[in-house]
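Student: for reference, the sequence and a predicted model appear below.
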Amino acid sequence: MKEAAPTRRLPFAFFSKSLIFCLLLGKLNNTSTPSDSKKRGLCIMKSVLTGTEMGKLWATYIGNTMGKCMLSYYLKHIDDPEIKVALEYALDLSTTNIETIEVFFKEADFPIPIGFTDRDVDLNAPRLYIDEFYLHYLRYASKAGMSLYTIAVPLVTRRDIRDFFIKCVEETMKLQSLVAVISESKNELMNAPVIQPPERVDFVHSKKFLGSFINEGRPLQGLEIAHIFGNLNNDITSKALIIGFAQVANDKKVRTFLERGKNINQKHIELLTEKLSQDGLPSPTLKDHFVTSSTVSPFSDKLMVFHKLDMFNVKIREYANGISLNGRKDIGALFVRCQAEVMLYVEDGASLMIENAWLEKPPEAVDRSKFINK
């Protein structure tokens, strides 16, 4: 008769840690005290905000107040019923985000930022862009939002704020899907170039795969195509938007700044298009013709300058992503060059906003040197 296998005894530490985890999980599920206002089913907890949470909520608030101004104006000049649905969905997201963050700030005794208000938009101004442009704008705006929200999720520690950013990601992904479906139905979806699948799995056997800083070397691989094409889309949408801004801006310095941004967009479009053309790959088409001939500004100069800073900040992150996933030295060098030009432009734009007292100060740590040097 075989002896029964000895029972494996788990150490006490295992049970104690498991018990603590279960108790902690139960506590977490019951610690959120409901606030008077609930947005999207989130329980708002009255608690001190960390610097990270302040910064991410503040940036999200400012960006969504700007987006609300833009989308409200677009909805005053829209004929296509399907595109109107996407604009309304996006506006609802921005409005809900603003209201939710205001609850977070009030609960934490944090002053509500000014951001952008009705004074920054003239809803009665003539149409500046045709309907199709709105689809490309929404694609950019949702991409910008996703880059902010996804980075926030692992950085914030308060559960209700983390849940808020997770919800932002989910809703923004729904918006991206909606815009893609509508764009495809209207032949406005800019597909990346198609390449042939490999015949078999292979490995790199030569360092020539990395190329050189001077010559293009081997053909582009999939990830390089993705980031070149993605940055091209950003520049094309950015250029169309900035053409409209430049023709309606009131201040001469602002017009000069916007014109410079348009030239940077055009330059980068040409550089990136050349890389695709070298391998016989197509590039997306310009959308400059989506801008009308109106010269009446629907937006304040403050909003337009800030919007371009926001758009070019997205380009900085996108170029960095392209650098990190690139395998060819010449492509990496091109992204670094483009990124450096954009960073200088953003710095000059921030200086212009400071000069006009437009740049709202984000939350910052206490400057203790002031106390020491009193």
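Tutor: On my side now, so go ahead. Numbers count the residues shown, from 1 in each chain.

Student: what residues are up against the closest residue to residue 260 other than its chain neighbours?
Tutor: Leaving aside its sequence neighbours, residue 260 sits nearest to residue 345 (CB to CB, 6 or more residues apart in numbering; 6.9 Å). (Each C-beta comes from the backbone N, C-alpha and C, glycine too.) Shown in contact with residue 345 (CB atoms under 8 Å, 6 or more residues apart in numbering): 260-261, 264, 312.

Student: pull out the buried positions in the helix or strand hosting residue 345.
Tutor: According to DSSP states H and E, residue 345 maps onto helix 329-355. Residues 329-335, 338-339, 341-342, 345-346, 349, 352-353 are the ones in helix 329-355 that count as buried (16 or more other CB atoms under 10 Å).

Student: likewise for stretch 314-330?
Tutor: Those would be 314-316, 318-319, 321-323, 326-330, for stretch 314-330 by 16+ other CB under 10 Å.

Student: what is the most widely separated pair among those?
Tutor: Based on CB to CB, the longest span within the buried residues of stretch 314-330 runs between 314 and 329 and measures 24.9 Å.

Student: just to revisit the earlier point, ok, the buried residues of helix 329-355 vs residue 178, which is closest?
Tutor: Using CB to CB, residue 342 comes nearest to residue 178 of the buried residues of helix 329-355, at 29.2 Å.

Student: in the stretch 201-350 of the chain, what spans have low per-residue confidence?
Tutor: 212-216 (pLDDT under 70).

Student: the residue lying closest to residue 300 once chain neighbours are set aside: neighbour count?
Tutor: Once flanking residues are discounted, residue 300 sits nearest to residue 120: 4.2 Å by CB to CB, 6+ apart. Around residue 120 there are 21 other residues, counting by other CB atoms under 10 Å.

Student: ok, the one 5 residues further on next?
Tutor: Neighbouring residues of residue 125 were enumerated by other CB under 10 Å; the total is 16.

Student: residue 109 too?
Tutor: Neighbours of residue 109 under the rule other CB under 10 Å: 9.

Student: swap in residue 221?
Tutor: 15.

Student: what's near enough to touch the nearest residue to it once chain neighbours are set aside?
Tutor: Closest residue to residue 221 apart from its sequence neighbours, by CB to CB, 6+ apart: residue 327 at 6.2 Å. Shown in contact with residue 327 (CB under 8 Å, 6+ apart): 209-211, 221, 223-224.

Student: so which of those residues are in helices?
Tutor: 223-224 (DSSP state H).

Student: just the buried ones from the contacts of residue 327?
Tutor: Buried among the contacts of residue 327 by 16+ other CB under 10 Å: 211, 224.
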